[in-house]
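**Student:** I would like to see how this sequence folds:
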Amino acid sequence: MKPEELLKKAVLNLGKKSPFYYYVLLGMKIVPSKSIRNLKISFSTTGDVMLLYNPEVLEKKHVRMVEALLLHEVMHVIFQHFRIKPKDERDRKIWDLAMDAAINQYIPELAAFGVPLDILVKEGHSVDNDTLFVLPPEQMMFESAETYHRWILDEMERLGRYDIEVISEFREGVDDHSGLFEEDVPVEMILELTKDRTKKAFNIFGDSLPSGVKREVQLLLENPELDWKTLIRRFFGVSIKAERYTTPLRPNRRYDHLPGWKSEYLPRVAVVIDTSGSVVERELNQFVSELERIAGILKEEVWLVQVDKNVTSVVRYRSGNWRDLEIVGGGSTDLQPAVDYSERVLKAEGTIVFTDGHTDVPLARRRILFVLSRFHNEDFQKEARRMYGKDAVVVLS
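**Tutor:** Predicted structure coming up:
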């Protein structure tokens, strides 16, 4: 079968199995290119999402494998892996493995030939060589690429292994991720190109998705609305080391000819989420989306306190933990117990409270920021601003 016919058949088969992925795929330009190894997603400056394929390589594959590889590429776009920015070549190779692990677990044709990451890292070899494919560690299924990236770094440090080149070399026969990291096209433009079509597909066909993929897409479509880096600095000051970067303005204490290091600090905060019965699922999804952004900025675990009329749950939350997050509550609302717990027990320097405001404004002894849902109680908003100042309240749209 000619590669063009094979590809057409694979696309149609994918459409029969999953209208959601088919709808997203139809928004891409499928272009043959002998200059790539296999398959590659790329973004043009003219506003096109392109799926490049090597016809000579593709014609040697079975149609079901072509379907699986097409789905793999579409999921890179759906999971917004183009937002990932590797620090260097070594980090890129770690991200290659992490992204593939996050995707392959959902594709039976690839998972059937999969090898878990924990085995690869421990034994020092890799997969994704057209015969075997990388999968998550068996105890960490259905996590994000960010979670697997962090796990690989931690595991390699624990084992004293740093030869990521050896571990990643065999995946060179699969898809090329370089198009996801192109710097010529701004991430904002790529989001604009892809998010609208993904959202339309999700609204029409989202219920047919596996629960893990559905929840992931749901969260990604609920993009954080607030500039948390600015908000956190403005309201809570600084005390947690967040980033370390070189600067020629600070001398290096060890080597005179090199720039020194400067650390950026962020505060120790606790996050309170109102889980009372008045808060609907869409509002909770927005709250969790903003929580993800906060955890990503602080780059460490944050205390998450859930509350209805009492504190119902207190956990350490790290970016990506939303998959295992159990919402506990459903009763009437009283935010005071959660604010007291944050200040007295957790010793937080500031508290961020997500609520719809259908309760009394709590008394806080330290800094506090209220994040209100769109359909919030206007009286709560007015009273909170009267007590704590105009900038102590922000509203989600």
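**Student:** And the nearest residue to Ser144 once chain neighbours are set aside, how far from Met1?
**Tutor:** Leaving out its chain neighbours, the residue that sits closest to Ser144 by C-beta to C-beta, 6 or more residues apart in numbering is Gly320, at 4.9 Å. Glycine gets a C-beta too; all of them are placed from N, C-alpha and C. Taking C-beta to C-beta, to the nearest Å as the measure, Gly320 falls 41 Å from Met1.
**Student:** Report the contact partners of the residue lying closest to Val49 once chain neighbours are set aside.
**Tutor:** Nearest residue to Val49, sequence neighbours excluded (C-beta to C-beta, 6+ apart): Met28, at 4.7 Å. Listed by C-beta atoms under 8 Å, 6 or more residues apart in numbering, the contact set of Met28 reads 41, 49-51, 74, 77.
**Student:** what's Met28 sitting at in phi/psi?
**Tutor:** phi -110, psi 150 (degrees, to the nearest 10).
**Student:** ok so, going back, which members of the contacts of Met28 are classed as buried?
**Tutor:** 41, 49, 51, 74, 77 (16 or more other C-beta atoms under 10 Å).
**Student:** so where's this structure shaky on pLDDT?
**Tutor:** 124-131, 161-174, 183, 188, 223-225, 233-267 (pLDDT under 70).
**Student:** picking that back up, out of the buried ones among the contacts of Met28, which two sit at the greatest distance?
**Tutor:** Largest separation among these by C-beta to C-beta: Val49 and Val74, giving 10.0 Å.
**Student:** I'd assumed Ile84 was in contact with Ala145.
**Tutor:** Yes. Using C-beta atoms under 8 Å, Ala145 is in contact with Ile84, at 6.9 Å.
**Student:** shared neighbours, the two?
**Tutor:** Common contacts of Ala145 and Ile84, defined by C-beta under 8 Å, 6+ apart, comprise 95, 99.
**Student:** In stretch 374-394, which residues are buried?
**Tutor:** Buried residues in stretch 374-394, counted by 16+ other C-beta under 10 Å: 376-377, 380-381, 384, 388, 392-394.
**Student:** nearest to Leu120, of the buried ones among the contacts of Met28?
**Tutor:** Ranked by distance to Leu120 (C-beta to C-beta), the buried ones among the contacts of Met28 are led by Ile41 at 23.6 Å.
**Student:** Give the bridge partners for the closest one, please.
**Tutor:** Ile41 forms beta bridges with Leu51, as assigned by DSSP bridges.
**Student:** Starting from Leu70, give me the distance back to it.
**Tutor:** Remark: distance between Ile41 and Leu70 (C-beta to C-beta) = 11 Å.
**Student:** For stretch 314-323, which residues meet the burial criterion?
**Tutor:** For stretch 314-323, using 16+ other C-beta under 10 Å, the buried residues are 314-315, 317-322.
**Student:** Show residues contacting that stretch.
**Tutor:** Stretch 314-323 is contacted from outside by 142-144, 146-147, 150, 212, 215-216, 219, 271, 288, 291-292, 295-296, 300-306, 325, 341, 346, using C-beta under 8 Å, 6+ apart.
**Student:** Show me these that map onto strands.
**Tutor:** The strands, defined by DSSP state E, take in 271, 302-306 from the contacts of stretch 314-323.
**Student:** And those, which two are furthest apart?
**Tutor:** Maximum pairwise distance among these (C-beta to C-beta): 13.2 Å, between Val302 and Gln306.
**Student:** what separates the helix or strand containing Glu5 from the chain centre, distance-wise?
**Tutor:** Taking DSSP states H and E as the criterion, Glu5 maps to helix 3-17. Centroid separation for helix 3-17 versus its chain: 30 Å, with C-alpha atoms, centre = their mean, to the nearest Å.
**Student:** Counting by contacts, list what it packs against.
**Tutor:** Using 3 or more C-beta pairs under 8 Å, 6 or more residues apart in numbering; DSSP states H and E, the elements in contact with helix 3-17 are helix 19-25, strand 29-32, helix 55-58, helix 63-78.
**Student:** Using PDB, write out the CA atom coordinates for the first one.
**Tutor:** Extracted in PDB, the C-alpha atoms of helix 19-25 (Å, rounded to 0.1, in the frame of the first residue of the first chain):
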ATOM      1  CA  PRO A  19     -14.000  11.300  17.100                       C
ATOM      2  CA  PHE A  20     -12.200  13.500  19.600                       C
ATOM      3  CA  TYR A  21      -8.700  12.800  18.400                       C
ATOM      4  CA  TYR A  22      -9.900  12.800  14.800                       C
ATOM      5  CA  TYR A  23     -11.400  16.300  15.200                       C
ATOM      6  CA  VAL A  24      -8.100  17.600  16.500                       C
ATOM      7  CA  LEU A  25      -6.100  15.800  13.800                       C
END
